[in-house]
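In: Here is my input; please provide its structure:
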Amino acid sequence: MGLLDRYILRLIAPGILLGTGVFLFALLMNELVRNIQLLVTQGADPATVGLALVHLMPGLLVVAIPSALIFGILLALHRLTSGHELIAMRAGGLSPGRLLLPIAAASAMGFVLSSTLMLEVVPRSNRRFVELSDELLSSRLRTQIEPRIFYDELLDGRVLLVGETPPNENGWRQVFLADTERSADPTIFVAERGRLVTVPEDRIALIELDAVEVHNAALENPSRYRIQRASEIRLPLDALSVFGPEAVSPRQSARAMSLPDLATAFAATAHPVYLVEIHKKFALPFACLAFGLLGLGLGLRPSPGSARAGAFAAAVLVVFGYYIPLTFGEQLAVDGELPAWLAVWAANFLAAALGVLLLLSTARELDPLGALARWFRRAGALFLPQAPGYRPRTARRRRLRLPGLPTLLDRYVITQFARFFIISLAALVAVQTIGRLTAMIGDAFDHEAPGSLLARYLGLSLPEFTIQMLPLATLAATLVTFGVLSRHSELTAFLAGGVSRSRLAVPTLAVGLAAAAGGLAIQEMLLPIAGPQSEDLGARIRGLRIRSLDPLEQHWRIGPGGTIFHYREFDQDNEVLSGLSVFETATDGSSLTARRYAASAHWSPADRSWTAIGGWQREFAGGSPPSPFAVRAFPGVPPPGAFLQEEIAPDHLPYPELRDRIAIVQTAGHRAPDLLVDLHTKASLPIASLVAVLIAVPFAFRSTNRGAVAGAAIALAIGIIYLIATHFFSFLGDAELLDPALAAWSPNLLFSLASISLMCRRQG
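Out: Got it, this is the predicted structure:
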C-alpha cells in the first residue's frame, strides 16, 4: 500500500470514529436515559445495568459501522476537494478509480469487523441481554407506573392508582386498587404501601399490599357493604401480560443463534425467520462494501464547493433509505411474502449499483445528480411560471443600514451555521428514527400491527426526537461552523480585520436563542398533542398497553383534594353520568373516609352542579351505615368537560397545565417532587440550545486549527456529558436529594459558568 493510500486512510479514520460515536450515541440514548433512571430512582444493581448496556452495543455496532463508513469517506473526499488535492491528483494523471483501493481497504476492514460481530459476538450478546433484561424486569415495570395516573389495562380487569413512588424504595405509597370485573359488586383495595413482585424464572407476578382496607359493596343493595382489614394481601397477576408468551418466539430465538444453529433450525422447521437471519449475518457486513462504493461515487461527483453540505445530507438520506427498506423487507420475508434473499440483499444491490453508476458518470465528467436537480428546476418553472410582470434583478439594491439590523458578517455566519445545524439535526433525528424503527419493527409484526400504525407512531415521535436532539445539533453546528471558517482561513481574516471572537459569537448566540424558542414552541404546542398518541401507539405495537388514552374509555378520574370518581357510562349529549361512584380518601391516602354512589347524575348548566338520582352515601369515620337517597346534590364532582379531557402524563403536559396539576396534588396533601422537577425542566430544557452555543464557543476557538472533524468530535463528547448530567440531576430531584429547581437548572448553570470561565481565560 503506497503513500497515497495511507494518506487517504488517515483522512477516513477520524470520520469513521466520529460517525460510529454519533450513531451509537443516538441509538443508545433512550436506553441510556432509562438505565440512569433505574440506577438513581429504583436502586437497580449497577453491575446488571452496565452489563445490559454492554451486551446491547454489539447489535447496534453492526448498524453503526456501515453508516459511519460512508460518513468517513465523504469527510475524507470533501477534505481532498476543499484543499484542491483531488484536482492536483487528477492533473497528475491519477484517475478517480485510483481512490478505490484505499476506500476498498477501509470497506474491507469494516466488513471483517461487522462479520466477526454478526457471526460470533451478537448471538451471545443478544442471549445475555435477554437474561439481564429479565433481571431488571421489576425495576423497569416500576418506572412505567407514574403517580396519580390511572392504569386500567395493566392488571386484567383491575385499575391501579398510586399516590407516590418513593425513590430507592421497592414499591409505592397510597395505593388505590379497584377490581371492577364484577361491576355490580366491585372490590376496592386501599393500602398504605404496595409493590410489584416478579419471579421471571418461575413466571410469577403479583402485587403485594400492606395495611389494606378492602371494601365490598353491592351497589344496588348498600346494606351488604362489608369492610375488611388486613396487614398484607397478595394479588396474582396474569403472567402472560407481564412476561409475554412462555415459549420464546422464533424471531427472538433466531437473533440469539449462531450460524450452525440457524442452519439446523431451518432444516428442522423450514421457518423463514431462520433463513432471514442466515442471510442477515452476511448482508449487513456486506453493506460496508456497498456503502464504500456509494460513498466514493457521491464524494467524487463534480459539484461546487457550496454544495458540499448537500453531500452530507445525501449520506443521511442514504443511511435512512437503506435501513427502512431492509427492515420492512425482513419482516415481509418472515411472513413469507418475499423471498428471504431478495428482502435482505435488495438494499445492498441497489446501493452498490448506484455507487458504480456514479463512479462511471464521474469518470466521464458527468453529473447525473446535478442534471436531475436541474430537471426538477425546469419542471418547476414549467408548472409554476413567473408572473407576467416579473423581471430578473439586474442591479443590487442598496440596503438601508439601521442600528440593530444584521450586518453582512452576521448574515454570513448565520447562513453557515444554519446549514450545519439543519444537517446535524436531520442526521440525529434520522438516526433516532432508524433506531426506534429497528427496535419496534419486530413487535409490530409479532402483534400484527399494520405498517400505517408503525409509520404514524414514528411520525408522532418526531417532536420528541427533535426536542432531544436540538441541544446536540446546536452544539455540533457551532463547533463545525467555526472549524470550517478556520480551515478556509476566513476566521483568521476576520480576526486580522479587527473583528473580535466575542463579536463573531453574537450571530451564533442569536441562532441558539432562535433554536431555544423553536424547542419551546414544540414542547408547548406539538408535544402535548403528539406525545400521548405516540405513547399509546408504541404501547399497542409492543403489546404492553397499560392504560387508555381515549377520554371516553377513561372511566376513572381524580379531582381536587384527592377525591376519586368512577362512572360506568357518560352520555355527553345529555350530560348524564350513569353509575357514578365518589371515593374520598384520608389525607395520607391509606383509607376511605366517605363513599357516595348514584345510579345516575344529571348536570345543571344553570346551577353548575350535578344532581344525583337513586343512590346512597356513607361516612366511614363514625361507623354509620349507608344512607339511601332519592334525589340530592352531588358537590365536588367536576363539570362534564373534565370527563372529556385526556389524561396526559406530566412530561407531555404544557407548562400551565402541569402547574395546575401540581397545585391539585399538593392540595390533596401529596408530595410531588417529580412533578416539580418536570415543571422546572420544561423551563430549563429549551434554554439548553442556547447553553450549547455558550459551551461550544470557547471550544470552537480552541480547536479552530483542527477543522470540522475535531469540532464535531468535541461536540459529541460534550453532548454525552451534558445529556448524562441533565438526566442524572433530574433523577436526583425525583429522589428528593436535590431541590427541584436546582435539579432542573444545575446542568445549564454549571456548563454556562464553565463556558464563561473558558471565554474569559481565552480573552486574557
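In: what helices or strands is the host helix or strand of A267 leaning on?
Out: In this structure, A267 sits in helix 259-269 according to DSSP states H and E. In terms of contacts (3 or more Cβ pairs under 8 Å, 6 or more residues apart in numbering; DSSP states H and E), helix 259-269 is packed against helix 250-255, helix 272-300. The C-beta positions use only the backbone N, C-alpha and C, and glycine is treated the same way.
In: From the contact counts, what lies against the last one?
Out: Contact partners of helix 272-300 among helices and strands, from 3+ Cβ pairs under 8 Å, 6+ apart: helix 46-82, helix 100-116, helix 250-255, helix 259-269, helix 308-334, helix 340-363.
In: mean confidence score for the next helix or strand along the chain from the longest one?
Out: Using DSSP H and E, the helix or strand that follows helix 46-82 in sequence is helix 85-91. On average, the pLDDT along helix 85-91 is 74.
In: Give me the number of neighbouring residues for L526.
Out: For L526, the neighbour count with other Cβ atoms under 10 Å is 16.
In: do you know how far I756 is from G93?
Out: Distance, I756 to G93, using Cβ to Cβ, to the nearest Å: 54 Å.
In: In terms of neighbours, single out the busier of those two.
Out: With neighbours defined as other Cβ under 10 Å, I756 and G93 compare such that I756 has more, 13 against 7.
In: Now do the contacts for the more buried one.
Out: When the contact criterion is Cβ atoms under 8 Å, 6 or more residues apart in numbering, the partners of I756 are L694.
In: Just the buried positions in the helix or strand containing it, please.
Out: Under the assignment given by DSSP H and E, the secondary-structure element containing I756 is helix 740-763. Within helix 740-763, the residues that qualify as buried are 740-741, 743-748, 751-752, 755, 758-759, counting by 16 or more other Cβ atoms under 10 Å.
In: same check, this time on stretch 557-572
Out: Within stretch 557-572, the residues that count as buried by 16+ other Cβ under 10 Å are 557-559, 562-567, 570.
In: neighbouring contacts of it?
Out: For stretch 557-572, the surrounding residues in contact (Cβ under 8 Å, 6+ apart) are 148, 150, 161, 163, 176, 178, 180, 183, 552, 555-556, 576-585, 589, 636-638, 640, 642-644, 647, 664, 667-670.
In: Looking at that stretch now, give me its mean pLDDT.
Out: 82.
In: Provide the count of other residues in contact range of V344.
Out: Residues lying near V344 (other Cβ under 10 Å) number 25.
In: how about the nearest residue to it, chain neighbours excluded?
Out: Distance criterion Cβ to Cβ, 6 or more residues apart in numbering; nearest residue to V344, sequence neighbours excluded, is H279 at 4.1 Å.
In: Roughly how far does that neighbour sit from A254?
Out: For H279, the distance to A254 - Cβ to Cβ - is 12 Å.
In: of those two, who's got more company?
Out: For H279 against A254, the residue with the higher neighbour count under other Cβ under 10 Å is A254, and the figures read 24 against 20.
In: give me the number of residues near the residue lying closest to the more buried one once chain neighbours are set aside?
Out: Among residues not flanking A254 along the chain, E277 sits closest, at 4.4 Å (Cβ to Cβ, 6+ apart). Close neighbours of E277, defined as other Cβ under 10 Å, add up to 27.
In: my guess is E277 meets R255, correct?
Out: Yes - the pair E277 / R255 is scored as a contact, 6.7 Å apart, by Cβ atoms under 8 Å.
In: mind listing what's buried in stretch 629-648?
Out: Within stretch 629-648, the residues scored as buried using 16+ other Cβ under 10 Å are 634, 637, 640, 643, 647-648.
In: Convert the C-alpha atoms of it to PDB, please.
Out: Included here for stretch 629-648 are C-alpha records, laid out as PDB according to Å, rounded to 0.1, in the frame of the first residue of the first chain:
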ATOM      1  CA  PHE A 629     -81.500   8.900  49.000                       C
ATOM      2  CA  ALA A 630     -83.800   9.500  46.000                       C
ATOM      3  CA  VAL A 631     -82.500  12.900  44.800                       C
ATOM      4  CA  ARG A 632     -79.800  15.100  46.200                       C
ATOM      5  CA  ALA A 633     -77.000  17.400  45.100                       C
ATOM      6  CA  PHE A 634     -73.500  15.900  44.400                       C
ATOM      7  CA  PRO A 635     -71.000  18.600  45.300                       C
ATOM      8  CA  GLY A 636     -67.300  18.400  44.400                       C
ATOM      9  CA  VAL A 637     -67.900  16.400  41.100                       C
ATOM     10  CA  PRO A 638     -66.100  18.100  38.200                       C
ATOM     11  CA  PRO A 639     -68.200  19.500  35.300                       C
ATOM     12  CA  PRO A 640     -68.800  17.400  32.200                       C
ATOM     13  CA  GLY A 641     -65.900  18.900  30.300                       C
ATOM     14  CA  ALA A 642     -63.500  17.400  32.800                       C
ATOM     15  CA  PHE A 643     -64.600  13.900  31.900                       C
ATOM     16  CA  LEU A 644     -63.800  14.600  28.200                       C
ATOM     17  CA  GLN A 645     -60.200  15.700  28.900                       C
ATOM     18  CA  GLU A 646     -57.400  13.300  28.000                       C
ATOM     19  CA  GLU A 647     -55.300  12.100  30.900                       C
ATOM     20  CA  ILE A 648     -51.800  13.100  29.900                       C
END
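In: Could you pull up the mean pLDDT of it?
Out: 80.
In: Residues touching that stretch, excluding its own?
Out: Looking at what lies outside stretch 629-648 - Cβ under 8 Å, 6+ apart - the contacts are 149-150, 528, 531-532, 547, 549-552, 554, 557, 559-561, 563, 565, 567, 570, 572, 575, 577, 580, 582, 596, 598, 601, 603, 608-617, 657.
In: out of those, which are inside strands?
Out: With strands taken from DSSP state E, the overlap with the contacts of stretch 629-648 comprises 557, 565, 570, 577, 580, 582, 596, 598, 601, 603, 609-617.
In: Can I get the buried part of those residues as one PyMOL selection?
Out: Here is the PyMOL command that picks out the buried ones among the ones in strands among the contacts of stretch 629-648, judged by 16+ other Cβ under 10 Å:
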select buried, resi 557+565+570+577+580+582+596+598+601+603+609+610+612+615+616+617
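In: A601: what's it in contact with?
Out: The contact partners of A601, by Cβ under 8 Å, 6+ apart, come to 576-577, 580, 610-613, 634, 637.
In: Ok, I233 next?
Out: By Cβ under 8 Å, 6+ apart, the contact list for I233 reads 189, 191, 208-209, 212, 214.
In: isn't there a strand covering it?
Out: Yes - with DSSP: H, G, I helix; E, B strand; the rest coil as the criterion, I233 is located in a strand.
In: element containing R195, please.
Out: Under the assignment given by DSSP H and E, the secondary-structure element containing R195 is strand 187-199.
In: Any idea how many residues pack against the closest residue to P222 other than its chain neighbours?
Out: The shortest distance from P222 to any residue other than its chain neighbours is 3.7 Å, reached at P626 (Cβ to Cβ, 6+ apart). The tally of other residues near P626 (other Cβ under 10 Å) stands at 18.
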